[in-house]
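Asks: just need the structure, nothing else, for what follows:
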Amino acid sequence: MNRLVIIITLLIVSLGIQAQGKKECLSKEQFREKQQQYIKDKAGLTKEESAKFFPLYFELQDKKFSYNKEIWNKVRKTKESENVTDAEYSKIIEDVIKTRIKIDELELEYLHRYKKILSPKKIYNIQRAETKFSRELLKGAGNHKK
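Replies: Next up, the predicted model:
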């Protein structure tokens, strides 16, 4: 009987520790909601500006994600293969750089679209807020591991 109580107690304690150890994962919607609120607050966007800006912003994010996913799939295939030639490595390197260029061109295109609804100062503040949000997110992830 004592063994059973000890085993059940250890099981409950270990499950509690595991639950504490798991990091809180946000859904895509939750992440975007937090990101949107952070950027809105830090950049000083009005409700009207936010309503026009964020659909474009998240449209750009989705396109960038698609490009990055495509390139990471190529990189992942290389990791899985043992017989990758220098020509294949060269192609992947070029594809990565071309993808970065496509993303930069996309960002420039969207910058012109943003300028139709926001002042340059607010766009600048959005870019700074984006960077700060990412840093805080990474800091939080680093602190969570400790």
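
Asks: now do the helices in this structure.
Replies: Here the chain has its helices, by DSSP state H, at 2-21, 28-43, 47-80, 86-115, 120-145.

Asks: out of these, which gets the lowest mean score?
Replies: Here the helices of the chain differ in mean pLDDT, and the lowest is helix 2-21 at a mean of 53.

Asks: re the thing from before, can you add mean neighbour count and give the helices of the chain back as TSV?
Replies: For every residue, glycine as well, the C-beta is placed using N, CA and C. Listed next are those as TSV, based on neighbours: other C-beta atoms under 10 Å:
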stretch	mean neighbour count
helix 2-21	9
helix 28-43	14
helix 47-80	13
helix 86-115	12
helix 120-145	13
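
Asks: phi and psi next, for L26.
Replies: Backbone torsions for L26, taken as degrees, to the nearest 10, come to phi -90, psi 140.

Asks: I figured it was touching Q35, is that so?
Replies: No - the pair L26 / Q35 is not scored as a contact, 9.8 Å apart, by C-beta atoms under 8 Å.

Asks: isn't E49 up against I117?
Replies: Yes - contact status for E49 versus I117: in contact at 6.6 Å, counting by C-beta under 8 Å.

Asks: mind saving the C-alpha coords of stretch 49-56 as PDB?
Replies: The C-alpha trace of stretch 49-56 is given here as PDB (Å, rounded to 0.1, in the frame of the first residue of the first chain):
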ATOM      1  CA  GLU A  49      -4.600  53.500 -39.500                       C
ATOM      2  CA  SER A  50      -4.400  50.100 -37.900                       C
ATOM      3  CA  ALA A  51      -7.500  48.900 -39.900                       C
ATOM      4  CA  LYS A  52      -5.800  49.900 -43.200                       C
ATOM      5  CA  PHE A  53      -2.200  48.900 -42.300                       C
ATOM      6  CA  PHE A  54      -2.400  45.500 -40.600                       C
ATOM      7  CA  PRO A  55      -4.200  43.600 -43.400                       C
ATOM      8  CA  LEU A  56      -1.300  44.700 -45.800                       C
END
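
Asks: got the contact list for it?
Replies: In this structure, residues lying in contact with stretch 49-56 by C-beta atoms under 8 Å, 6 or more residues apart in numbering are 36, 40, 45, 110, 113-114, 117-118, 122, 126.
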